[in-house]
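> no letters, just coordinates:
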């Protein structure tokens, strides 16, 4: 009597159904779980591959445990040593199969721990346990399942990273939180919640220290918090926060090579490294440059800060070359502030600063009230144009901060800053006749 086809298999269509059910969770929200069409194709192909491989595994196990030698002759009973070897084959082959997909693909597929449990139990080893669990010596069906799954999870060095799955689940909310905060018109509420948000990001990075999206989120969080709420009242603490943001930015940009080491090396080598970055890297490059520039501005009395200026300028120029229109022309704003605040003796130029500010306004920065505040604070003061200073800040105060919803918080903070600057008008222009 020939070998019968096992009625228990990896139900590929159910797996694909699970994929379509959970795919929306993986295709929106935080960038850690949102990739391109190729990744979506990979997500589809993995269960299909597992389906075909699983059929082979179960057929072989079926043959082993039935004591079938391939010719229809039953040489052993199901409780014989062959059954043990058959069970070992399942575990071994399962480990090899999942080891093959040990890369980030599994982290993306199994981004939710509960979904991962359902997929493993119902689609991968459920059929094995259901049919053969009672034949594995010393184990009940549930224990057999536990042995198989725990073996795969731990003996392979965590090929299904549970901690990373938890991180990904929490990280899904970060972008939504940031979006909600950007629409908030109460800066005090945002400030009171920022510390908890930053600690959450730190915890995610601790669990997933090489993820560039999380590192970028950390860079943005520290830099924005310091610039928005701390720099005026406690410059020393702000300097520490900007330094932390800069370090996260350096780490986010270190996928090619050590960005921090390159920044400390020769300028030629650093510029050569910068040429390897593309437009997709602009966000990380910009926020790193922003944090770095703010740290330098607060530490100009330090030799190491002055020594950083050539590399910092090279980084800002690379951002401009890659995407000058990033976030309403923010690369031009950064260069405008840099040129206006740097003394002419070391290369600063109010004329170049003005050109950068106007380029930013043409690229959409006129929607950012903070851009006009920076124009008044740095350029108007640099050329000692009091009328421009007052006129620009009064325009800021007269504007509606919620005209662009996602800029509500930024524009509200800009208006607060404008009031403070106007209150210091006499101090800034007291030397004028």
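Happy to help now that I have it. Keep in mind it's a predicted model, so treat the numbers as computed, not measured. Numbers count the residues shown, from 1 in each chain.
> so residue 367 sits against residue 407, correct?
Yes - if you go by CB atoms under 8 Å, residue 367 and residue 407 touch, sitting 6.3 Å apart. All C-beta atoms are positioned from the backbone trio N, CA, C, and that covers glycine.
> neighbour-wise, which of the two wins?
Just comparing residue 367 and residue 407: by other CB atoms under 10 Å the higher neighbour count belongs to residue 407, 19 against 15.
> what about residue 219, distance to residue 428?
Computed as CB to CB, to the nearest Å, the residue 219 to residue 428 distance reads 31 Å.
> out of the two, which sits in the more crowded spot?
residue 219 (30 against 17).
> what helix or strand is the more buried one on?
helix 212-225 (DSSP states H and E).
> I'd like the next helix or strand past that helix.
Following helix 212-225 toward the C-terminus (DSSP H and E): helix 235-252.
> average model confidence for the helix or strand following that next one?
Using DSSP H and E, the helix or strand that follows helix 235-252 in sequence is helix 259-264. Helix 259-264 shows a mean pLDDT of 95.
> now the helices for the stretch 301-433 of the chain?
303-307, 309-322, 326-341, 350-362, 369-374, 381-382, 386-398, 408-423, 425-428 (DSSP state H, counting those that start in this stretch).
> between those, which gets nearest to residue 259?
Ranking these by proximity to residue 259 (CB to CB) places helix 309-322 first, at 9.6 Å.
> tell me the angle of the helix holding residue 219 relative to helix 408-423?
30 degrees (axes from the mean of the first three to the mean of the last three CA atoms, to 10 degrees).
> for helix 212-225, name the packing helices and strands.
Judged by 3 or more CB pairs under 8 Å, 6 or more residues apart in numbering; DSSP states H and E, helix 212-225 is in contact with helix 162-171, helix 174-182, helix 187-207, helix 235-252, helix 282-297.
> can you name every helix or strand that the last one contacts?
Think helix 282-297. helix 212-225, helix 235-252, helix 303-307, helix 309-322, helix 326-341.
> by mean pLDDT, flag the weakest helix or strand of this protein.
helix 12-26 (a mean of 35; mean pLDDT, DSSP states H and E).
> please, which helix or strand holds the closest residue to residue 257 other than its chain neighbours?
Counting by CB to CB, 6 or more residues apart in numbering, the nearest residue to residue 257 once its immediate chain neighbours are dropped is residue 273, at 6.6 Å. Following DSSP H and E, one finds residue 273 within helix 267-274.
> list of residues touching that helix?
For helix 267-274, the external contacting residues (CB atoms under 8 Å, 6 or more residues apart in numbering) are 256-257, 259, 262-263, 310-311, 314-315, 318.
> average pLDDT for that helix?
Helix 267-274 comes out at a mean pLDDT of 96.
> between that helix and helix 309-322, how many degrees?
Angular relation of helix 267-274 and helix 309-322 on a 0 to 180 degree scale: 30 degrees, by the same axes, to 10 degrees.
> give the buried residues for helix 267-274.
Neighbour-count burial for helix 267-274 flags 270-271, 273-274 (criterion: 16 or more other CB atoms under 10 Å).
> likewise for stretch 337-344?
By neighbour count on 16+ other CB under 10 Å, the buried set for stretch 337-344 is 337-342.
> which of the helices and strands packed on helix 212-225 sits most buried?
Of the helices and strands packed on helix 212-225, the one with the most neighbours on average (mean count of other CB atoms under 10 Å) is helix 282-297, at a mean of 25.
> low-confidence regions, the stretch 51-200 of the chain specifically.
51-172 (pLDDT under 70).
> OK, contacts around residue 311?
263, 267, 270.
> just give the closest residue to residue 308, not the sequence neighbours.
Nearest non-adjacent residue to residue 308 (CB to CB, 6+ apart): residue 296, at 5.6 Å.
> hmm, the one you found is touching residue 313, no?
No - counting by CB under 8 Å, residue 296 does not reach residue 313; the two are 10.3 Å apart.
> report pLDDT for the nearest residue to residue 368 once chain neighbours are set aside.
Nearest non-adjacent residue to residue 368, counting by CB to CB, 6+ apart: residue 328, 5.3 Å away. The predicted local distance difference test score for residue 328 is 95.
> surely residue 289 and residue 317 touch.
No - shown here, residue 289 and residue 317 do not form a contact pair, counting by CB under 8 Å, at 9.6 Å.
> go through the buried residues of stretch 337-344 and say which is closest to residue 280.
Using CB to CB, the buried residues of stretch 337-344 come closest to residue 280 at residue 338, 24.1 Å.
> show me the contacts for that closest one.
293, 313, 316, 353.
> try residue 333
With CB under 8 Å, 6+ apart, residue 333 has these contacts: 356-357, 360, 365, 368, 371, 374.
> sorry, back to before: now the contacts of residue 338 as a markdown table including pLDDT and distance to residue 323?
Below are the contacts of residue 338 laid out as a markdown table (pLDDT from 0 to 100; distance: CB to CB, whole Å):
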| residue | pLDDT | distance to residue 323 |
| --- | --- | --- |
| 293 | 96 | 17 |
| 313 | 96 | 17 |
| 316 | 98 | 12 |
| 353 | 96 | 20 |
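> including distance to residue 213, could these go into CSV?
As requested, the contacts of residue 338 are exported to CSV (distance: CB to CB, whole Å):
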residue, distance to residue 213
293, 22
313, 27
316, 22
353, 33
